[in-house]
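**Q** Got a predicted model here, sequence first, then my questions.
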Amino acid sequence: MSLATLLPLAIEIALFLMVVSLGLKATAGDLLYLFRRPGQLVRALLSMDVIVPLIAIVLASRFTHDPPVKIALVTLALAPLPATFPKKALKAGCKVSYTVGLMVAITLVAIVYIPFALDLIGRRFGIAVQMSHGAIWGLVFGTLLVPLLVGVAIHHITPAFADRASAPVARAGDILLLVAVIPIAIKVLPAMWSLVGNGTVVVMLIFALLSLMSGHLLGGPDPEDRTVLALSSSFRHPGIALAIAHANFPDQKLAPAAVILYGVVAAIAAKPYVMFRKRERAGAVTAL
């Protein structure tokens with residue numbers, strides 16, 4: 001098996017382990033957390049599936065003329081939250097129940113939303129943008145829902161073992177992801193660098209910040225829920241974005257580099273927000 005085959009497989013396994021580690025902390029009741037709270041569910045869907053894509057479309061239409069960047073913005077807007085997101089939310093002190101409930105809700109909606117949004121955006125830009133339902137379902141279920149359910153099932157069967165295993169499983173996913181990503185990052189670094197200095201980073205930073213703001217404002221009165229929705233609105237699933245870009249724009253070689261560059265920009269943009277929310281939470285606990 002070649003390195004080109006092994007690296008994507010290693011990334012898939014790493015992301016699988018990260019979501020399993022979240023499921024190991026969750027109960028079966030957490031899976032339907034947002035479905036029992038329709039107001040929170042509607043606000044979450046409004047931020048992630050309506051406002052964020054509209055921000056991406058406006059930025060792609062008005063503020064960038066580079067096709068790879070347009071493709072990256074649009075495909076990222078269509079991708080639900082990534083497997084690497086939950087750990088950031090939990091580190092900021094957020095609730096497992098809301099985090100897991102949001103992942104389940106967005107995943108289930110994505111199987112209908114992504115094909116619909118692809119057609120709608122294709123009409124807006126006057127291009128044929130499509131992807132088979134089977135491919136979309138495989139990505140969404142395989143990288144998000146299935147590993148989450150595996151973790152929850154283990155927690156249900158043996159909660160003590162699940163609690164002990166969660167941290168080591170997450171750590172194994174982190175290490176494997178790092179080992180797999182470094183060679184890929186080195187390979188695409190020249191392409192990513194070529195996008196720096198032409199306004200691309202500024203556009204992506206605006207996209208990340210506005211997405212954070214959208215989730216924060218619509219997250220409701222609970223500070224923890226606001227943090228989760230803010231991060232989940234800003235962080236998108238690079239695997240799904242890359243799959244959509246490759247299926248529809250195989251000749252745009254810079255599009256994958258632009259998608260990966262956004263991941264870097266979003267992580268940098270989120271860092272001050274996460275630190276602020278941690279300090280705010282610590283201050284609230286101290287006041288009590």
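**A** Happy to help now that I have it.
**Q** thought Leu22 was touching Thr99?
**A** Yes: here Leu22 reaches Thr99: they are 7.0 Å apart, a contact under C-beta atoms under 8 Å. For the C-beta atoms, the positions are set from N, CA and C on the backbone; glycine is no exception.
**Q** Show me which of the two is the more surrounded one.
**A** Using other C-beta atoms under 10 Å, the more surrounded residue of Leu22 and Thr99 is Thr99, with 29 against 26.
**Q** pretty sure the more buried one is touching Ser21, no?
**A** No: with contact defined as C-beta under 8 Å, Thr99 does not reach Ser21; the gap is 12.0 Å.
**Q** quick one: buried residues of the helix or strand Thr99 falls within?
**A** Element membership of Thr99 [criterion: DSSP states H and E] is helix 96-125. By neighbour count on 16 or more other C-beta atoms under 10 Å, the buried set for helix 96-125 is 96-111, 113-115, 117-118, 121.
**Q** roughly how far is it from the heart of the chain?
**A** 11 Å (C-alpha atoms, centre = their mean, to the nearest Å).
**Q** which element follows it toward the C-terminus?
**A** Past helix 96-125, the next helix or strand by DSSP H and E is helix 133-140.
**Q** Tell me the gap between the longest helix seen in the chain and the middle of its chain.
**A** If you go by DSSP state H, the chain has its longest helix at helix 159-194. Distance of helix 159-194 from the chain centroid (C-alpha atoms, centre = their mean) equals 15 Å.
**Q** which other residues reach stretch 213-225?
**A** 39-40, 43-44, 46-48, 51-52, 55, 93-95, 98, 226-234, 273, 277, 280-281, 284 (C-beta atoms under 8 Å, 6 or more residues apart in numbering).
**Q** How far does that stretch sit from its chain's centre?
**A** Put simply, stretch 213-225 sits 17 Å off its chain's centre (C-alpha atoms, centre = their mean).
**Q** Kindly report the same for stretch 143-159.
**A** For stretch 143-159, the distance to the chain centre is 19 Å (C-alpha atoms, centre = their mean).
**Q** surely Leu212 meets Ile268?
**A** No: Leu212 is beyond contact range of Ile268, at 11.7 Å (criterion: C-beta under 8 Å).
**Q** Neighbour count: these two, which is higher?
**A** With neighbours defined as other C-beta under 10 Å, Leu212 and Ile268 compare such that Leu212 has more, 24 against 13.
**Q** Pull up the distance across stretch 185-201, start to finish.
**A** Terminal residues of stretch 185-201 are spaced 17 Å apart (C-alpha to C-alpha, to the nearest Å).
**Q** Low-confidence ranges, this structure, go.
**A** Counting by pLDDT under 70, the ranges of the chain that qualify are 1-5, 64-65, 81-94, 122, 124-131, 133, 282-288.
**Q** which residues in the chain form helices?
**A** Using DSSP H, helices in the chain cover 3-23, 28-31, 38-46, 52-62, 67-77, 85-91, 96-125, 133-140, 146-157, 159-194, 200-218, 223-234, 238-248, 255-287.
**Q** The second one packs against which elements?
**A** Using 3 or more C-beta pairs under 8 Å, 6 or more residues apart in numbering; DSSP states H and E as the contact criterion, the neighbours of helix 28-31 among helices and strands are helix 96-125, helix 146-157.
**Q** out of the ones you listed, which comes closest to Pro190?
**A** Proximity to Pro190 (C-beta to C-beta) singles out helix 96-125 among those, at 27.8 Å.
**Q** What's the local residue count around Pro250?
**A** Burial of Pro250 is recorded as 9 neighbouring residues (other C-beta under 10 Å).
**Q** ok, now the one 5 residues further on?
**A** Other residues within reach of Ala255, judged by other C-beta under 10 Å, total 26.
**Q** same question, Ala165
**A** By other C-beta under 10 Å, the residues close to Ala165 number 18.
**Q** pretty sure it is touching Leu17, no?
**A** No: the pair Ala165 / Leu17 is not scored as a contact, 10.6 Å apart, by C-beta under 8 Å.
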